[in-house]
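**Q** predicted model and sequence follow; I will ask about them next.
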Protein chains: 2
Amino acid sequence: MCELLGMSANVPTDICFSFTGLIQRGGRTGPHKDGWGIVFYEGKGVREFRDPSPSCESEIAKLVQDYPIKSCNVVSHIRQANVGDICLENTHPFVRELWGCNWTFAHNGQLKDSEWLSLGKDIPIGTTDSERAFCWLLDKLRTEFTCMPEDISKLTDFLQVHCDQLRAMGVYNMLLCNSHYLFAYCSTKLHWITRRAPFGQAQLKDTEMTVNFAGETTPNDIVTVIATEPLTDNEVWQQMETGELLAFKEGLRIVGTDT
Amino acid sequence: MCELLGMSANVPTDICFSFTGLIQRGGRTGPHKDGWGIVFYEGKGVREFRDPSPSCESEIAKLVQDYPIKSCNVVSHIRQANVGDICLENTHPFVRELWGCNWTFAHNGQLKDSEWLSLGKDIPIGTTDSERAFCWLLDKLRTEFTCMPEDISKLTDFLQVHCDQLRAMGVYNMLLCNSHYLFAYCSTKLHWITRRAPFGQAQLKDTEMTVNFAGETTPNDIVTVIATEPLTDNEVWQQMETGELLAFKEGLRIVGTDT
């Protein structure tokens, strides 16, 4: 199994605090030593950092931890390999273009018989069940819609049906982002928290580190963090239910026909 | 105009020396202050670093310069913007999947009327003429071949014709890599050098830095570096001719039906 981390915010926000918690689980407080990756959106562009070596030892992870890259949408993943060798092309998150946007995908879980998932124009580069599921999903999206649907509920309904299909093949916890929306789908384990004024203090579970968000934010900031397991031990995280799909935009959970 | 840097080698080699020379031109010895990027292949995977800020001031460029990432294929670019805003999605190199491989593209020059280049399934994310030319080229490749041709001359012949078409629209110096081959096409300016035993000393043109490759290599190493302008001032670089396409594999220039 792996661990997922996502962020959706209404102002560019750094994820140094949460990322510091996550990477402890990459070989120190957790067994996820088979690589890690993080994707930051900046406008329509992405900054991508990936490493097949354990995150707790990675020079590049150290840069990401120390250098506050600010972004409104972030997807990160630390890996404990089950399907596919430990190598760069098998390291999440995966990024592909669809409808002129960068789509970023990270998966926690395992899918049986993923080689039966049909492919269109997107061909996997690595050998993971996860990347194949992403290529399959992109092909289904391309077939169903010619561009990003204006009514977002058409997209969430579509993702619900197709994520349910993938969950039926095994375990499928997913983060998916297209620079505007961050989607989270829960199969077995995914938690989220929305932080907004009045901001308080948070204490990481995995290492000695506390942050006072009140000193780092403005009263209008809204930041949602999604993670496999809660990253802090003094805040209330919401647990997602099996089969639940959530969509976030600018830090807020959206419902229905938000555009 | 921009500057290009590429490397093809038969053993994983770091490009710290050449990259150090290149990034001086990103705001210090050259005017290319509108961003920079570098892509390192590791197997079929890629490590991508990009920044729309000047390379000579970039924290991430400093990491790439100091941390020896070893690779057999590298493509890098520093940008002086002409078409498209200065932002991350307009920062070269561009990477897309084709036939289950990562293809990396960087362009120096300017193309007139690039909006007339037809598109298939690959849609530009940014607004540069360069990314549009890349998407056009990928569509032509997808239409002509269903997978990587076994006879590489079929691919080089195809690229020659299509790069000539792009050159007819303006200035088109290009580096293109697919993890096995590095292709270089010259419109106005591109130089290359192949280093092999007996290795000697090299002195950067753009900053005080000398390296003795004999101390960094084994007798079997073969490393070709391609750059807009020669990066060293005590070695003989070969100048490419207008309309010339070269293909390199494992550090060696290949001709004809190499597979």
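**A** It's in. Numbering: from 1, shown residues only, chains lettered A, B, ... in the order given.
**Q** what number of residues lie near the nearest residue to residue A:212 once chain neighbours are set aside?
**A** Leaving aside its chain neighbours, residue A:212 sits nearest to residue A:201 (4.9 Å; criterion: C-beta to C-beta, 6 or more residues apart in numbering or on different chains). Heads up, the C-betas are built off the backbone N, CA and C, glycines and all. Neighbour count of residue A:201, defined by other C-beta atoms under 10 Å in any protein chain shown: 13.
**Q** hmm, residue A:210 and residue A:201 touching each other?
**A** Yes - contact criterion C-beta atoms under 8 Å: residue A:201 and residue A:210 qualify, at 6.0 Å.
**Q** next one: the residue of the stretch 51-200 of chain A found nearest chain B from residue B:251, what distance?
**A** Going by C-beta to the nearest C-beta, chain B is nearest to residue A:88 of the stretch 51-200 of chain A, at 2.8 Å. Per C-beta to C-beta, to the nearest Å, residue A:88 is found 21 Å from residue B:251.
**Q** now swap in residue A:145 and tell me
**A** From residue A:145 to residue B:251 the distance is 45 Å (C-beta to C-beta).
**Q** likewise residue A:137?
**A** Separation of residue A:137 from residue B:251 (C-beta to C-beta) stands at 39 Å.
**Q** try residue A:214
**A** Taking C-beta to C-beta as the measure, residue A:214 falls 56 Å from residue B:251.
**Q** and residue A:249, by the same measure?
**A** Using C-beta to C-beta, one obtains 48 Å as the distance from residue A:249 to residue B:251.
**Q** more crowded one of those two?
**A** Taking other C-beta under 10 Å, residue A:249 and residue B:251 do not tie; residue B:251 has more neighbours (22 against 18).
**Q** returning to that earlier point: count of neighbours near the residue of the stretch 51-200 of chain A closest to chain B?
**A** 21.
**Q** got phi/psi on the closest residue to it other than its chain neighbours?
**A** Leaving aside its sequence neighbours, residue A:88 sits nearest to residue B:45 (C-beta to C-beta, 6+ apart; 2.8 Å). For residue B:45, the backbone dihedrals are phi -90, psi 170 (criterion: degrees, to the nearest 10).
**Q** next up, the contacts around residue B:45.
**A** By C-beta atoms under 8 Å, 6 or more residues apart in numbering or on different chains, the contact list for residue B:45 reads A:50, A:52, A:87-91, A:125-126, B:102.
**Q** next one: residue A:39
**A** Neighbour list for residue A:39: A:46-49, A:74-76, A:93, A:95, A:104, A:177 [criterion: C-beta under 8 Å, 6+ apart].
**Q** quick check, it in a helix?
**A** No - applying DSSP: H, G, I helix; E, B strand; the rest coil, one finds residue A:39 to be strand, outside a helix.
**Q** okay, and the beta partners of it?
**A** With DSSP bridges as the criterion, residue A:39 is bridged to residue A:48, residue A:75.
**Q** quick one: low-confidence parts of the stretch 1-150 of chain A?
**A** Per-residue confidence for the stretch 1-150 of chain A (pLDDT under 70) gives these ranges: A:1, A:26-27, A:30.
**Q** that one: helices as residue ranges?
**A** Along the stretch 1-150 of chain A, counting by DSSP state H, counting those that start in this stretch, helices occupy A:16-24, A:59-66, A:129-144.
**Q** in PDB, list the C-alpha atoms belonging to the last one.
**A** Spelled out, that is helix A:129-144. Provided in PDB are the C-alpha atoms of helix A:129-144 (Å, rounded to 0.1, in the frame of the first residue of the first chain):
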ATOM      1  CA  ASP A 129      -1.700  -1.300 -12.400                       C
ATOM      2  CA  SER A 130      -2.100   2.400 -11.300                       C
ATOM      3  CA  GLU A 131      -0.800   4.000 -14.500                       C
ATOM      4  CA  ARG A 132      -2.900   1.600 -16.600                       C
ATOM      5  CA  ALA A 133      -6.000   2.600 -14.600                       C
ATOM      6  CA  PHE A 134      -5.200   6.200 -15.300                       C
ATOM      7  CA  CYS A 135      -4.700   5.600 -19.000                       C
ATOM      8  CA  TRP A 136      -8.100   3.700 -19.100                       C
ATOM      9  CA  LEU A 137      -9.800   6.600 -17.300                       C
ATOM     10  CA  LEU A 138      -8.400   9.200 -19.700                       C
ATOM     11  CA  ASP A 139      -9.600   7.200 -22.600                       C
ATOM     12  CA  LYS A 140     -13.100   6.900 -21.100                       C
ATOM     13  CA  LEU A 141     -13.100  10.700 -20.500                       C
ATOM     14  CA  ARG A 142     -11.900  11.400 -24.100                       C
ATOM     15  CA  THR A 143     -14.600   9.100 -25.500                       C
ATOM     16  CA  GLU A 144     -17.400  10.600 -23.300                       C
END
